[in-house]
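# output the structure for:
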Amino acid sequence: MKSSQQLVNEAKSRITEVTVQDLASALQNHQCILIDVREADEFATGHIDRAVNYPRGVLEMRIHQHPAVASHCDATTALELLAAKPIYLICRSGARSALAADALQNMGFSAIYSVAGGFQAWLDAGYPFEPKA
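Model (predicted):
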């Protein structure tokens, strides 16, 4: 048997984690995709501008629908277009985003980054966010 923390630790050993400062720089350059893997109710309480919400449980099934590519092509081409850009994943604390990054790497994505500390670290660092509507 493995605990959830053991699964997260194993995933973290296979992925690349970045800081919230790294994410802020990437967002400033407009060269990345940001996916928030928290549940919809968590996302609704506040999120980073330009983040798209695909909860962890549906990420692999919906990533090809990302607004950056979905209207331009079929699912296979959409995945190829997304794979050409760095994708940053964020959750509340960095655990779900690590598991999500591991899953997307298993799908063939290579420029996948999990934000260490998650949205809480973003808030703690004083970065801007979109509050509850």
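
# quick one: low-confidence ranges for the chain?
72, 133 (pLDDT under 70).

# chain center to the longest helix along it, what's the gap?
Among the segments of the chain that qualify as a helix by DSSP state H, the longest is helix 95-106. For helix 95-106, the distance from its own C-alpha centre to the chain's C-alpha centre is 8 Å (CA atoms, centre = their mean, to the nearest Å).

# what are the buried residues along that helix?
Ala95, Arg96, Ser97, Ala98, Leu99, Ala100, Ala101, Asp102, Ala103, Leu104, Gln105 (16 or more other CB atoms under 10 Å). Bear in mind the C-beta positions are built from the backbone N, C-alpha and C, glycine included.

# quick one, phi/psi of the most centrally placed residue in the chain?
If you average the C-alpha coordinates of the chain and look for the closest C-alpha using CA atoms, centre = their mean, you land on Leu89, 1.5 Å from that point. Backbone geometry at Leu89, expressed as degrees, to the nearest 10, gives phi -120, psi 140.

# bridging residues for it?
The residues paired with Leu89 through beta bridges, assigned by DSSP bridges, are Ile35, Ser114.
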